[in-house]
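1. what's the 3D shape of this:
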Amino acid sequence: MVGVSLDTDVAAGLRAGMAGGVLSFPLTAFHDDGSLDLDGFRAYLAGQLVTGPGAVFPACGTGEFFSLDEDEYRQVVTATVREAARRMPVVAGVGYGWAQALRFARIAEEAGADALLVLPHYLVTAPQEGLVAQLERLAAGTRLPLVAYQRGQVAYGTEAFRRITRIPGVIGLKDGHSDLDRLQRLTLAAPDDFLFFNGAATAEIQARAYAAVGVPAYSSAVHAFAPEIANAFFTALRTDDDAVVDKLLRDFYVPLVELRDRTPGYAVSLVKAAARLRGRPAGPVRAPLTDPSAADLADLRTLLATGLDLVGAAL
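-> Just a heads-up that it's a prediction; the model follows:
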C-alpha cells in the first residue's frame with residue numbers, strides 16, 4: 001500500500017490505512033529464558049511491515065502486553081515507531097486501571113506512537129458509568145487519540161457509547177464480542193467519522209458479517225505469521241472473490257480456529273509457534289501462556305503448509 005502521512009489527522013491516517021490493508025498486531029520476541037529479544041523483534045517486525053499492513057499495533061494482546069514491564073514496553077514501542085518510519089500509523093496498547101494505563105500512555109507518547117488501543121481493564125466487571133469514566137480519565141491524561149476495545153468484561157451499551165464518542169480524543173472502537181445486533185446499534189449511534197474495526201479472534205471468520213453491519217476493517221492474527229495468507233484473504237474479500245474467500249475459510253481459517261480452541265491461550269501461542277515454524281525470530285510465549293504440545297505443533301505445521309500452498313507461498 002502507499003504510505004500514509006501522519007502529519008495530518010491521525011484518524012484520517014488510520015481510516016486510509018484500514019481501507020488499504022489488514023491491521024497488524026506483531027508478536028513480541030523473547031529469548032528461550034523469557035527475556036526480551038529486542039534484536040529479534042526488530043528483525044521480525046521489519047519482515048512484517050514490508051508486506052504493507054494498514055496500521056501496526058505493538059504491545060497489544062498478540063504482542064503479550066500483559067507480560068511486559070514498563071521498560072520492555074518502551075523498547076517495543078520505540079522500535080516499532082522507528083521501523084515504521086511514518087509509513088503507517090503506530091497504535092500502541094495500554095491497559096489495566098486508568099492510573100497504570102496512563103503510565104504506559106506517557107511512555108508511548110515519548111516513543112512517538114500515533115494513537116493508543118485501550119485494552120480491557122484488569123479483573124473486575126464494571127458498570128457502564130465506570131467504563132465511561134475510565135476513558136475520560138485516560139483521554140484527559142494523554143495527547144494521543146484513543147481507540148476503545150470492547151471484549152471480555154468490557155461491553156458498551158448504546159447510551160454509554162454515545163458518551164464515549166463525545167470524549168475529546170476518543171476516535172474509534174475495536175469490537176471483540178461479535179454481538180452484531182449490539183454492534184449495529186453502536187454504529188448507528190456513532191458520528192459519521194468514528195472508526196470501527198472487527199477485533200474478533202481470527203477476525204477473518206466473521207469478516208463478511210462485520211462488513212454487513214458497516215465494519216469492513218479488521219485485525220489479523222494470521223498476518224503475524226503468514227502475511228501472504230492474510231493479504232490474499234483481504235484482497236479476495238475486497239474484490240468480492242467469493243470462491244477464494246470460501247476456499248481459504250474452509251481449508252485454512254476454520255481448521256485454524258478448531259486448533260486454536262483446543263487449549264486456552266492458543267490464540268497467541270499458536271501464532272508464535274507458526275512464526276517459529278517459518279523461521280521468524282519470535283521465541284516462546286511467557287507464562288501464564290504455554291507453547292503448543294508436540295501433537296498440536298505437528299497439526300499446525302500441516303495446516304500452515306496447506307494455507308501457504310493455497311496462496312502459492314513457501315513454508
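
2. okay, CA-based contacts and neighbour counts for the rest of this
-> Noted.

3. mind listing what's buried in the lengthiest helix in the chain?
-> Taking DSSP state H as the criterion, the chain has its longest helix at helix 294-310. Buried residues in helix 294-310, counted by 16 or more other CA atoms under 10 Å: 296-297, 300-301, 303-304, 306-308, 310.

4. Convert the C-alpha atoms of that helix to CSV, please.
-> Output of helix 294-310 as CSV, limited to C-alpha atoms (Å, rounded to 0.1, in the frame of the first residue of the first chain):
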residue,chain,number,x,y,z
ALA,A,294,4.1,-31.6,20.1
ALA,A,295,0.9,-33.1,18.6
ASP,A,296,-0.7,-29.7,18.2
LEU,A,297,2.5,-28.3,16.7
ALA,A,298,2.5,-31.1,14.1
ASP,A,299,-1.1,-30.3,13.2
LEU,A,300,-0.2,-26.6,13.0
ARG,A,301,2.7,-27.4,10.6
THR,A,302,0.4,-29.3,8.3
LEU,A,303,-2.3,-26.6,8.4
LEU,A,304,0.3,-23.8,7.7
ALA,A,305,1.7,-25.7,4.7
THR,A,306,-1.9,-26.1,3.4
GLY,A,307,-2.6,-22.4,3.8
LEU,A,308,0.6,-21.3,2.1
ASP,A,309,0.1,-23.7,-0.7
LEU,A,310,-3.4,-22.2,-1.3
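
5. In the stretch 1-150 of the chain, where is pLDDT below threshold?
-> By pLDDT under 70, the weakly predicted segments of the stretch 1-150 of the chain are 1-8.

6. phi, psi of N198?
-> Main-chain dihedrals, N198, degrees, to the nearest 10: phi -80, psi 120.

7. any idea how far it is from L249?
-> 17 Å (CA to CA, to the nearest Å).

8. Same drill for those two, tell me which one is more crowded.
-> With neighbours defined as other CA atoms under 10 Å, N198 and L249 compare such that N198 has more, 26 against 18.

9. That one reaches A207, doesn't it?
-> Yes. Using CA atoms under 8 Å, N198 makes contact with A207 at a distance of 7.3 Å.

10. Identify the contacts common to the two.
-> Jointly contacting N198 and A207 under the rule CA atoms under 8 Å, 6 or more residues apart in numbering are 216, 218.

11. What are the boundaries of the strands in this structure?
-> Along the chain, the stretches classed as strands by DSSP state E are 23-24, 55-56, 91-94, 115-118, 146-150, 170-175, 195-198, 219-220.

12. in its sheet, what does the third one sit against?
-> If I follow you right, that is strand 91-94. Partners of strand 91-94 in the sheet, by DSSP bridges, are strand 115-118 (parallel).

13. Same question for the longest one.
-> Strand 170-175 has these partner strands in its sheet, going by DSSP bridges: strand 146-150 (parallel), strand 195-198 (parallel).

14. got the CA positions of it in CSV?
-> The C-alpha trace of strand 170-175 is given here as CSV (Å, rounded to 0.1, in the frame of the first residue of the first chain):
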residue,chain,number,x,y,z
VAL,A,170,-11.7,9.0,21.5
ILE,A,171,-11.7,8.2,17.8
GLY,A,172,-12.7,4.6,17.4
LEU,A,173,-13.9,1.2,18.7
LYS,A,174,-12.4,-2.2,18.3
ASP,A,175,-15.1,-4.9,18.8
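
15. State the mean pLDDT of it.
-> Average pLDDT, strand 170-175: 97.

16. buried residues in that strand?
-> In strand 170-175, counting by 16+ other CA under 10 Å, buried: 170-175.

17. can you check stretch 41-53 too?
-> For stretch 41-53, the neighbour count (16+ other CA under 10 Å) marks 41-42, 44-45, 48-49, 52-53 as buried.

18. Repeat that for stretch 231-244.
-> 231-237, 244.

19. V257: which of the residues you listed is nearest?
-> Ranked by distance to V257 (CA to CA), the buried residues of stretch 231-244 are led by F233 at 15.6 Å.

20. wait, the closest one sits on L248?
-> Yes. Using CA under 8 Å, F233 makes contact with L248 at a distance of 7.1 Å.

21. Tell me which stretches of the stretch 151-300 of the chain form helices.
-> Listed in chain order, the helices of the stretch 151-300 of the chain (DSSP state H, counting those that start in this stretch) span 158-165, 180-189, 207-212, 227-238, 242-248, 254-260, 266-277, 294-310.
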